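Engineer: Provide a 3D model corresponding to the input given below.
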Amino acid sequence: MAIAETTAPTRGRHHHDDATPARSAENQAARSPSLTLLVLGATAGVVLYAKFLLAPANRGDWLPYLMVISAETVLVAHCLLAMWTILSGGANPRRFAFHHAQDRLYDWADILRERSSDEPWRWAMYLHDRPVSVDVFVTTCGEDPALIRRTVTAAMAMRGAHTVWVLDDGDSDAVRVLAADVGARYVRRASHGGAKAGNINHALTLARGELFAIFDADFVPMPDFLHETVPFFAEADVAFVQTPQVYGNLDTVVSRGAAYMQSVFYQFVQPGRNRFNAAFCVGTNVVFRRSAIDQLGGLYSDSKSEDVWTSLLLHERGWRSVYIPTPLAVGDTPETIEAYSKQQLRWATGGFEIMATHWPWSRARRLTVDQRLQYTVTATHYLTGIAPLLLLLVPPLQIFFDLTPMNLSVKPLTWVAYYAGFYLLQILLAFYTLGSFRWEVLLLATVSFPIYVRALVNALTRRDQAWHVTGSRAGYRSPFAFVQPQVLMFVLLAATTVVGVWKDAGNGYPSLALAWNATNTLILGGFVVTALREGRRGRRAARRPAAPERVDVLPGVPAMIGGAR
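Structural biologist: Below is the predicted model of the structure:
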């Protein structure tokens, strides 16, 4: 697709220094020589570790060796591809067309004539000196009305003229009232097929904007969201502009772990994917070109991971995506084990569906080689969450059955040296990118394997995955309803540790298998303690009397079934 011309003469528009924020340099961290050096060192460590594992002289008993090789192959491959993607980042996605369009985005003569300089949400936006219409969709499905109000109010206040729609799949009269209260349009469907994608596709039959933005109910946009995203659409081949997910509710072990797990992806991996035109939509904090989505017949609705699937189909049709690492909305990450489990299950099922039904390397896929590689990483990413299951089972095989993954002639210090070359450098990279080592990430990465195994089964058997909203209000359920496999694994590892101590005491020297198993036991034990604490908090909250939900139905505000107010 040709890039649109952006040099049309200005008609009454000029730069307004007081109203345009200073432009900050993007992707500075990704350009850092220190990060480049660290990534290259970590890559060398990965390669040396892989060479050590594959050396025939180092092979031990076949069963544990194959388990280690299978797990580490997945981890090493994804690690190398992630390093490559990170090193590919650093280019600023804001090209001349963006800056030219942003400088001409508003007609200051009209703004001054209308005396609306202190009402930026009324400022008409222009691309190529032509008005551009923008719809903003806030999708809701059972979240707390106070949370929804916060998001909708912020969406109404964004700079640039736009229309805010509250898309309520929760059929809540309280949400209908608050939408009317803040001046947003309200839409309630007669049926709820297609989950979030179906909700948005229904709204697209009512809205007529050339562009539309999507926010989950728990993501509060900043005032400059449209100002920083709309100018990218001056280039006619841009289908969507994605901004990162950042979180403000880092109050629990689960919420911190879930947030930190995403941090490296949004800060370093997604910017690198820009180089390959493979940055994908993450479902919120995004702006789409309406005509691009119309080519697909709407957002992809046959998967609960509609965001990745829609991105893939757009890239196959030659559209371009843009990712900017600037935080422009702040949201909530799952705070409970239940919410985290359901979110990860939905995400992983969507990724595995691509692997099982839409393999990127099929000749039918119209993708570049780079895009095929990036979507292969996306489709197989959650295999890295299954790999820990195999590694957790290796020490018990050695302690109970004397089956060792490596040749006994390999000295423990040699094994540790190569192992550290892989994993310690990953920890150093985490220190650099996250500011410190986040033990919550290690905890969740180790214990999430049951979620991903189930997701893989869902994808292979075409089992539909129920939709779950991160901020939905639901009755208390014990976290132990979702962690039985982890509890059983903890019991197994604890018993194995006891047996290992007894055997090593008889042998007169400590074994590497015992150290490995004891470490895994501590990690699983930490997760069980987290579940116990969460359960206590949940029971206390459930015993508190709930305040009745007040719904002040305003006169003349009907619930619109299949329509908008």
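
Engineer: Please make it C-alpha for all contacts and neighbour counts, starting now.
Structural biologist: OK.

Engineer: how about the strands in this structure?
Structural biologist: Taking DSSP state E, the strands of the chain run over residues 126-127, 130-131, 134-140, 163-168, 185-187, 211-216, 220-221, 238-242, 246-247, 286-289, 320-323, 329-331.

Engineer: Return the list of strands paired to the second one, each annotated with direction.
Structural biologist: Paired neighbours of strand 130-131 in the sheet (DSSP bridges): strand 126-127 (antiparallel).

Engineer: Look up how far Ala445 lies from Leu383.
Structural biologist: Note on Leu383: its distance to Ala445, by Cα to Cα, to the nearest Å, is 11 Å.

Engineer: So between these two, which is more surrounded?
Structural biologist: Under the neighbour definition other Cα atoms under 10 Å, Leu383 and Ala445 were set side by side, and Leu383 has more, 21 against 18.

Engineer: Excluding chain neighbours, what is closest to the more buried one?
Structural biologist: Excluding the flanking residues, the one nearest Leu383 by Cα to Cα, 6 or more residues apart in numbering is Val74, at 6.9 Å.

Engineer: What residues does that neighbour make contact with?
Structural biologist: By Cα atoms under 8 Å, 6 or more residues apart in numbering, the contact set of Val74 is 383-384, 387.

Engineer: which among the residues you listed gets closest to Leu312?
Structural biologist: Leu312 lies nearest to Leu383 out of these, by Cα to Cα, at 19.6 Å.

Engineer: any idea how far the closest one is from Ile451?
Structural biologist: For Leu383, the distance to Ile451 - Cα to Cα - is 11 Å.

Engineer: do Asp370 as well
Structural biologist: 29 Å.

Engineer: So between these two, which is more surrounded?
Structural biologist: The neighbour comparison of Asp370 against Ile451 (other Cα under 10 Å) goes to Ile451, with 24 against 14.

Engineer: pretty sure that one contacts Gln344?
Structural biologist: Yes - using Cα atoms under 8 Å, Ile451 is in contact with Gln344, at 7.0 Å.

Engineer: And for the nearest residue to Met67 once chain neighbours are set aside, the neighbour number?
Structural biologist: Spatially, and ignoring its direct neighbours in sequence, Met67 is nearest to Leu390 (5.7 Å; Cα to Cα, 6+ apart). Number of residues near Leu390 (other Cα under 10 Å) recorded here: 18.

Engineer: got a list of what Leu390 touches?
Structural biologist: Taking Cα under 8 Å, 6+ apart as the test, what Leu390 contacts is 67-68, 71.

Engineer: Tyr266 too?
Structural biologist: Counting by Cα under 8 Å, 6+ apart, Tyr266 has contacts 244-245, 325.

Engineer: Now the strands of the chain in TSV, please, with extra columns for distance to Leu413.
Structural biologist: Output for the strands of the chain, formatted as TSV (distance: least, Cα to Cα, whole Å):
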stretch	distance to Leu413
strand 126-127	63
strand 130-131	68
strand 134-140	54
strand 163-168	59
strand 185-187	64
strand 211-216	50
strand 220-221	51
strand 238-242	46
strand 246-247	41
strand 286-289	49
strand 320-323	44
strand 329-331	45
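
Engineer: pLDDT weak spots in this protein?
Structural biologist: Scanning the chain for pLDDT under 70 picks out 1-31, 426, 429-437, 464-476, 544-565.

Engineer: ok, the contacts of Leu390 vs Ala417, which is closest?
Structural biologist: Nearest to Ala417 among these, counting by Cα to Cα, is Val68 at 16.7 Å.

Engineer: So the residue lying closest to Ala356 once chain neighbours are set aside versus Ala417, what's the distance?
Structural biologist: Using Cα to Cα, 6+ apart and skipping residues adjacent in sequence, the residue nearest Ala356 is Leu460, 6.4 Å away. Plainly put, Leu460 is 39 Å away from Ala417 if you go by Cα to Cα.

Engineer: When those two are compared, which one has more neighbours?
Structural biologist: Leu460 (15 against 12).

Engineer: Now do the same contact list for that one.
Structural biologist: Per Cα under 8 Å, 6+ apart, neighbours of Leu460: 352-353, 356.

Engineer: out of these, which is most surrounded?
Structural biologist: That'd be Phe352 among the contacts of Leu460, by other Cα under 10 Å, with 25 neighbours.

Engineer: How about the contacts made by the closest residue to Ile324 other than its chain neighbours?
Structural biologist: Nearest residue to Ile324 in three dimensions, chain neighbours excluded: Thr243, at 5.4 Å (Cα to Cα, 6+ apart). Neighbouring residues of Thr243 by Cα under 8 Å, 6+ apart: 285-286, 323-328.

Engineer: With Arg365 instead?
Structural biologist: Arg365 neighbours (Cα under 8 Å, 6+ apart): Glu316.

Engineer: And it, its phi and psi?
Structural biologist: Dihedral angles of Arg365 (phi, psi; degrees, to the nearest 10) stand at phi -80, psi 130.
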